Structure formats: structure tokens, C-alpha cells
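Undergrad: after the sequence you'll find the predicted model.
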Amino acid sequence: TTDLTYLQEKNIGVDDYSSESDVIIIPSALDFVSQDEMLTPLGRLDKYAASENIFNRQMVARSLLDTLKEVSDDERDCIAVLERISRLADDSEPTVRAELMEQVPHIAMFCQENRPSIPYAFSKYLLPIVVRYLADQNNQVRKTSQAALLVLLEQELIERYDVETKVCPVLIELTAPDSNDDVKTEAVAIMCKMASMVGKDITERLVLPRFCEMCCDCRMFHVRKVCAANFGDICSVVGQQATEEMLLPRFFQLCSDNVWGVRKACAECFMAVSCATSQEVRRTKLSTLFINLISDPSRWVRQAAFQSLGPFISTFANPSSSGQYFKEEDEDLSSCVSNEFAPELDTNAVEDQNAVTQSSQREADFQTASPFHCTSEPCGTAADESERGPRHCTAGLRKAGVSSQETPLLEQELYNSFHFWRTPLPEIDIDLELLQPSEIMLNREIQELTMPVSSNIPMATRKELEEMIENLEPHIDDPDVKAQVEVLSAALRASSLDPQEETTVGTGKGTDSQSDLSIKDQQNFKPILGDIVPLIGDTVENMDSALHYIHNDSDLSTNSSFSPEEERKSKVQDVVPQALLDQYLSMTDPSRAQTVDTEIAKHCAYSLPGVALTLGRQNWHCLKDTYETLASDMQWKVRRTLAFSIHELAVILGDQLTAGDLVPVFNGFLKDLDEVRIGVLKHLHDFLKLLHLDKRREYLYQLQEFLVTDNSRNWRFRAELAEQLILLLDLYSARDIYDYLRPIAFSLCADKVSSVRWISYKLVSEMVKKLYVASASTFVVDLMDELVEKFCRCHKWSGRQTFVFICQTISEDDCLPMDQFAVHLLPHLLHLASDRVPNVRVLLAKTLKQTLLEKEYFLNSANSHQEAVEQTIMALQMDEDSDVKYFASIHPASTKIADDAMSTASSTY
């Protein structure tokens, strides 16, 4: 007996036998099995838990859940198992402890679901083990316990009281200054990750104070880096007040940390932090802070900052970005935004996480959409905003000193975007006397910049400008230097104007070049007048004054002396800080790819719809040049990103801006690489439905080009085309469908790949339905006749099989009344019963037996067609092929037509 026990404990088997142990009798495996079977589950647990063999103890830990299930009927046995788990947790072997911890979440879930009579089981026996292992000396055990704790919190298996009294105190203790470095870093990470699971109250009371301390940990940058990486999550949990009062000061410190990895982590979470602050803090403090990160000495920090720039800009979005104003007594129009006119924007998912930023979706509530999508435009924001110019900018007139707004307000009162599918284009004359104050201010600025040049400004000033430009030219590759050179050049050009030219420019009657100069140069060299636009190191107060100046400048720029062409060239807006927008626009600069990130243009393209939604369609002119630059980028990944989001941008911009600015880009994508074309193709219907009918019809001629791909094996491209054509049927007339879409559908029905053909069968059946519903009887008959001629009488058996498939789909989906089906398609279908290829007859038998005979037309009415079908079925039941006999004889409900059809189709590649 002693020898047997020794062998079992040591796992000695037949292979361990040697010539020196002839006296030992080797037991068989059946002896061990029989011995274990005689033991109770608890007995086996005790036996192997006390084993000296590490593998046995690991197996015990792995089988704990099974043991619990075996004794689940006895409450005392369950408690006994849980007590043994507590003893096993003291095992000296790390692998055993790690294995035990992996099973804890499963055991906890079992206890909750199956043993409600022991509510304290987890809290008393399992949770102390999890918490204790958080400080284990072994790294693997700690990692396993951390993962287990997060799973338990996520599944809500830990009571709130236990979180406050057992989990949080341990984490606070582990993050104490004298704690082990690795343990401290891991504990901070756990605190941050559990914040969203335990809620605002616990986080604010127990976690937030220690988190703020950890942000200032001077000894370990790893701790600060973890805090920076999770800063946004903590902000989103504790809310705006705690964020601004307690967290923002720490965030400012982290953003200026001497370790670049910490600053990079701050840049990556900047959008989440911004979402938890007020608009004022975002504009006055965070903007300046972000500019510092974008000009960081470390390339990796700049790279992360530019990637977060678009999402950060999108947090400035507000209802006024869509220009949806309404009148309320004694309130400024610019601050009154109607929530009535804000139905949710239906945003489809696009590739690459899909092309619209999270903020775009968040602010989508402010975007107006209707069943027409492209033509429903709220009052004051139509796509022709730039054409109407200052005459409709009521908020701007108020800020420019206009005291009477009666005419525009009456127009808004009379018009409601829900009553009209398209924004009317009224002609409203504004008394020029009302604009006199703003004209005087603007002309005074122009005079200050230009008039003194020939008389009061000495030549030395012009020479100084030239010298400054010469000194900066060697560093022109730097985007910031380039911007300064442009500003100085603009000032130099302005100094060369004579007074007569200035007068001409001021009245808007000069030449095109002078008109360009009047609006563009003013914007370029206005900052020279004073410290208005702050540099990177300027204070928050300077940024605030700059934003106020820019806002006023945008109002002044609406003066009627400037043409819409000049206004469109302006890059000034007041939705986001101008410095941020300028940095975003610079992302297309080739030098950025060399000094920051080779894929910076792709990040710019990815964020562009969100930035466009934030700025609103009235500020599209700020982004238009950047969008066109991205659309012609050398990297196909950049163009691909734009292609996947162009339909979203079209919804944001409205029909007129889409027709003018997006359609040319869309046309270019149609002729691009397949990797780019697929983005356009996937949302072809979404984009074309936004265009006017006449513009939409132009693309009928180009749909055929989608059949040609760079790689003929790219069958998914053709499958997507078939899917889109099904959707496009609703956008075109019966004549257009028959003339343009029908040939493409027939071509796809004969594709080499069965997956493409299957979608094409659905396309043809929907086409038949559409033509029949449109009362285009001639087109329906001609279409069915062509089906018969092209497929039913095809010399290839695959073509004849295609005809059966199409008939089956038309019948299943009720695309055609059965009496019409019986007249035009059924005779030709039954004729295939004598086809020489068994595959065709097998599919015919399935279609007749499982589809047609289930239709009421063939069940309840005695007619010649029903008799012909039954005779054909009887003939197929006596077919020489066994498969044909089987499918002609079985009951329709005994199999699924789609599964059988697919099995047949799979052999027709």
C-alpha cells in the first residue's frame, strides 16, 4: 500500500521502470481510476490539494468549478469547497496561485447564479484572495488578479460596500509613497480602469485624491505616464466641476512634464479631457495648452498632438455651427439656438472607424436632416450661405452695431424648415446706413495699413520688412516660419499700393488681383498692428483677446463691399480658436510629413468630417482648399479615407456645396485605384441620393465602369456593386433602370464567382418588382423575354441554372404576381425538366417542390398552370438521376431551399 501511494504521488508510470527495480510491482492505470472513483468530490479535492506534485495542485485549481458543480446540491459541501479554495490560495507555487486566480471569476459567477442562498460566499471567501494577490510578489499572479478584479467589477459581482471597504483601501495602500514601484504603477492603472465601473461617487471620494497625488509623483515617471494615459477616463467619470477644480491643474503639470512619454500620453487623451470641461475653459485654457503640445520639441509628442487635433477641434461644436437661429424676446440671436430644429443626423459607419470622429457623432444632434438629406436646410444655413453673405448674417449685424433686425427676423418667423423641402432664396435689402459704423471701422483699418505707406512710413520700414523676409527664407521649410514669411510678404505688398488703388480696393471695384489682396492681405498682416494673434508661448489672456478680435473681424468681413469670391477665400471664423484651425490646415504641408509624421495627411483626412461639422457649412470655405489638397494626395490611403467619408461630408454641407465642391472630387475617386474606388462604391447610394435628379442621372453612364477592376480576382468589388445597385433602384426611373442598370445586372448574373451571382439574382428580382410597380409593363415584359433568351436558352448549363435561380428568387420574394409569372416565365422554366444536365434538373425540382407549390396560386386554384407543374414534378420523380428523384419527392418543409441551392451553386465556380 505504501508503494502504491508513493507511485501515485510521484506520478511514476511504466516508463519509469528499470532493471534495478525488479521487486516493485507496477500498478495499472485502471487501479488509479478505480481508487479516485471511490472518493467523494471533496475527498479527491483534499487528496490532490495536499499533493507535493505541482501539476496535481494546478489541476485541482483548474477543476474547482467542476467540483463546485458536483456538490451544488449540498450547501455545506459548497462552503467546504470554498474553504479549501482559501487554503489553496496560500500555495507557495506562483503557477498554482495564478491558475486559481484565473478560475475565480467563473466560480464567482457560478455562486451568484446557482447559489443565491449563500450571498456572502464571494465576499467572504473569494474577494479577499483577489485583493491580496494584487500585492503578490510574483508578476504573473498580480497580472492575473488585476484582470480578475476588472472582470468582477464589469460583471457587477462585487457589492458596492465591498468596493468601498475592501478594494479601494487596498489600492490606496498600494499607491502609498513607500510602496513597491511596480506595484504602485499597476495599482494606479487599476484605479483608473475601475473608475468607470464604480461610478462618480466612489471615484470622487476615494480614488480622485490619490490620483491627483500620483499625477505629481516626482520620483517615478511611469506613474505619471499611467495617470496621463487615463486622465480622460477619470475626467469623464467625475464630471465638469471636479475636472476643472481638481484635475486641470494636474493636467497642465503633466503636459509640461520633462519626460516626453508623459506629454505624449496627455496629447493622446486631450479630446476626452476637453469633453469634460466647459466651452469657456476649452477655448481660453486648453487651446493654448494644446498649441504648446503641437510645437513640442519631441517629434513623438507633436505626432500624437496632430493626431488628436481634429478630435479636439470637434469638441468646440455647438448648435450654432449649423446656423440654426430663432428669435426670442430680449435675447441675442447668436446665443439662442433652437433645439426644435435638431433631428438626429443619421450617420452610417465608415471604414477606418469609419471616417467620422467620435465628436462628429456626438454633435450630430445639431445637424438637420430630412428624408431628402441633401435639400433640407435650416433657416440661415443653406448651402448658398456664402452667396447671401452679409444680408442674412443677423447675428453679425447685431455685433456690428445694427439696432434694427426687423426684416431678417420676419423672414425667420415666416419660414420653417419642416414646411419646405428646400430653403427659399429671398432678396433682403439692408439699409446701407446701418452698416456705416462697421464700414468706418473697416476703412479705418485699411487706411492704417495702407495710406501711410507713401507719405508717413519711412523707407527704412520697408527695408526692414525685406531684411526680415530674407533672414527667414533659409528656414522656409518650417511651417511656422513659412506663415511668418507670408504675413511679412503681405505687409510688403500692401506697402506698394498707391492711395488710388487702396480706394478702389476698399469699394470692391478693383481688379481680381486687387480684390484678392484686399481680403487676404488684411487677414495676413492685421496681426502686425498689435499683439492680437498670440504666439505659442503667449498667455491665456492673449489667446482670449485674439479670439475676441477674430470674432469681431469675421463680423466686419461681412461688409457688403466685398464679393462672395473674396469672402470664400477668407480662412477666418469664430467657432474654434483660429490658431487651432491654422495648425489643422497646415497638416497638408509636405514639410509636416518630414518633421512630424509620414501619415499626418491621413489623420487630417480622417478627422475632416468632424471638423467640417464643427465649423458648419457656413465656414466650409476654410476647409475647401485643404480638402482638395487631400483629395489629390499622392498616398492612396489618404484618398481612400476621404472616399469612405465623402457621403457624410455631403450631408453636412448640403446639396449646393456638394454639387460645387464634392462632386468633382467624387468623380476623381471614381477613376482612382480600386482601394479608393471601393470607398466610393460602398456608399454610392448614400452619396447619389443627395444630388439633384439631373446630376444624379449623369452617373448612370459611369456605373458600367465599376465592372472593370485592377484585379479580376477582386470579386468583392463586384458583389458590393450588386448590393449598391439594389439600393439605387429607388433613385431612378423605370426607363433608366431598363436602359442602364439592366445590362450591368445581367453581366453580374453571369459572374464567375457564385457569391456575386447570388446577390445579382436578388438584384434582377428587385428590378422586376420595381418595373412592375412602376406600371412599366413594356419594360417588364421585355426584361423577362431577355431573361429567357439570355439565360434559359443559354448553351451553357450554368446559364440555364441561373435562369432557375432567378425564377426561384422572383417567386420567393413575390416580386411578380403569380398569374404574370405563370404566363411569362413558368412555361420556359418547366421546359428545363428535360435538360441534359442533372444540376439544372435538381435545382428545378427544388424550385417547383419547395417554392412554387407552396404558393396559394398553385394550391387553391385549379388551372392549367397547376396541372403543368404537377406533371413536371411527376416526370422529375421518375428521373434517372437519384438526386433529382429525391428533391422532386421530399416534402417542402424537410429542407431549406437556400441551403440546398447554395450547395448546388458551390459547384458552379
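TA: Nice, thanks for sending it over.
Undergrad: C-alpha from now on. contacts and neighbour counts both.
TA: Fine.
Undergrad: excluding its backbone neighbours, what's nearest residue 473?
TA: residue 485 (7.5 Å; C-alpha to C-alpha, 6 or more residues apart in numbering).
Undergrad: that neighbour: how many residues sit nearby?
TA: As a burial measure, residue 485 scores 21 neighbours (other C-alpha atoms under 10 Å).
Undergrad: the strands in the stretch 151-300 of the chain, which residues?
TA: In the stretch 151-300 of the chain, no segments count as strands under DSSP state E, counting those that start in this stretch.
Undergrad: can you give me the helices in it?
TA: 160-162, 168-174, 181-198, 200-202, 208-215, 221-229, 231-238, 240-242, 248-255, 260-268, 270-275, 279-281, 287-294, 299-314 (DSSP state H, counting those that start in this stretch).
Undergrad: can you list those helices in TSV and add mean pLDDT and mean neighbour count?
TA: Converted to TSV, these look like this (pLDDT from 0 to 100; neighbours: other C-alpha atoms under 10 Å):
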stretch	mean pLDDT	mean neighbour count
helix 160-162	89	12
helix 168-174	91	18
helix 181-198	89	20
helix 200-202	90	16
helix 208-215	90	20
helix 221-229	91	24
helix 231-238	92	23
helix 240-242	92	16
helix 248-255	93	19
helix 260-268	94	25
helix 270-275	93	24
helix 279-281	91	13
helix 287-294	93	22
helix 299-314	93	25
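Undergrad: pretty sure the residue nearest to residue 473 is touching residue 465, no?
TA: No: using C-alpha atoms under 8 Å as the test, residue 485 is too far from residue 465 to be in contact (9.7 Å).
Undergrad: rewinding a little: distance-wise, check the residue nearest to residue 473 relative to residue 594.
TA: 20 Å (C-alpha to C-alpha, to the nearest Å).
Undergrad: residue 469 too?
TA: 23 Å.
Undergrad: from memory residue 122 sits against residue 110, does it?
TA: No: between residue 122 and residue 110 there is no contact under C-alpha under 8 Å: 10.1 Å.
Undergrad: who's more crowded, those two?
TA: residue 122 (21 against 16).
Undergrad: quick one: what helix or strand has the residue nearest to residue 473 in it?
TA: Residue 485 belongs to helix 479-495 when elements are defined using DSSP states H and E.
Undergrad: more neighbours: residue 469 and residue 594, which one.
TA: residue 469 (21 against 12).
Undergrad: give me the phi and psi for that one.
TA: When read as degrees, to the nearest 10, the backbone of residue 469 gives phi -60, psi -40.
Undergrad: wait, isn't it in contact with residue 488?
TA: Yes: using C-alpha under 8 Å, residue 469 is in contact with residue 488, at 6.8 Å.
Undergrad: ok, and the closest non-adjacent residue to residue 243?
TA: Nearest to residue 243 is residue 235, by C-alpha to C-alpha, 6+ apart, at 5.6 Å.
Undergrad: report the contact partners of the one you found.
TA: 242-243, 247, 272-273, 276 (C-alpha atoms under 8 Å, 6 or more residues apart in numbering).
Undergrad: could you export those as TSV, including distance to residue 106?
TA: Below are those laid out as TSV (distance: C-alpha to C-alpha, whole Å):
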residue	distance to residue 106
242	37
243	37
247	37
272	33
273	36
276	36
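Undergrad: widest-spaced pair of these?
TA: 242 and 272 (14.4 Å; C-alpha to C-alpha).
Undergrad: can you pull out the low-pLDDT segments for the stretch 351-500 of the chain?
TA: 351-464, 467, 471-472, 474-475, 477-484, 487, 490-500 (pLDDT under 70).
Undergrad: what helix or strand is residue 576 located in?
TA: Going by DSSP H and E, residue 576 is not part of any helix or strand.
Undergrad: quick check: closest non-adjacent residue to it.
TA: residue 316 (6.1 Å).
Undergrad: residues in contact with the one you found?
TA: Counted by C-alpha under 8 Å, 6+ apart, residue 316 has contacts 279, 282, 575-576, 614.
Undergrad: of those residues, which pair is most distant in space?
TA: 282 and 614 (14.2 Å).
Undergrad: among those two, which residue is more densely surrounded?
TA: Higher neighbour count among residue 282 and residue 614: residue 614, with 29 against 22, using other C-alpha under 10 Å.
Undergrad: can you count the residues close to the residue nearest to the more buried one when sequence neighbours are not counted?
TA: Distances taken as C-alpha to C-alpha, 6+ apart put residue 317 closest to residue 614, at 4.3 Å, once the chain neighbours are dropped. Under the neighbour criterion other C-alpha under 10 Å, residue 317 is assigned a count of 26.
Undergrad: so residue 317 touches residue 615, yeah?
TA: Yes: using C-alpha under 8 Å, residue 317 is in contact with residue 615, at 7.1 Å.
Undergrad: please identify every residue contacting each of the two.
TA: By C-alpha under 8 Å, 6+ apart, the residues touching both residue 317 and residue 615 are residue 575.
Undergrad: picking that back up, and what about the residue nearest to residue 614, helix, strand or coil?
TA: coil (DSSP: H, G, I helix; E, B strand; the rest coil).
Undergrad: measure it to residue 283 for me?
TA: Residue 317 is 12 Å from residue 283, by C-alpha to C-alpha.
Undergrad: equivalent analysis for residue 783, please.
TA: 62 Å.
Undergrad: spell out which helix or strand contains residue 842, please.
TA: helix 838-850.
Undergrad: could you do residue 100 as well?
TA: Here residue 100 is assigned to helix 94-114, by DSSP H and E.
Undergrad: could you pull up the residues touching residue 303?
TA: By C-alpha under 8 Å, 6+ apart, the neighbours of residue 303 are 294, 596-597, 600.
Undergrad: so which of the residues you listed belong to strands?
TA: Among these, no member falls in strands (DSSP state E).
Undergrad: in helices only, show me the residues you listed.
TA: 294, 600 (DSSP state H).
Undergrad: so which of the contacts of residue 303 is surrounded by the most neighbours?
TA: residue 294 (25 neighbours).
Undergrad: how about that residue, nearest residue that isn't a chain neighbour?
TA: Using C-alpha to C-alpha, 6+ apart, the closest residue to residue 294 is residue 302 (4.9 Å).
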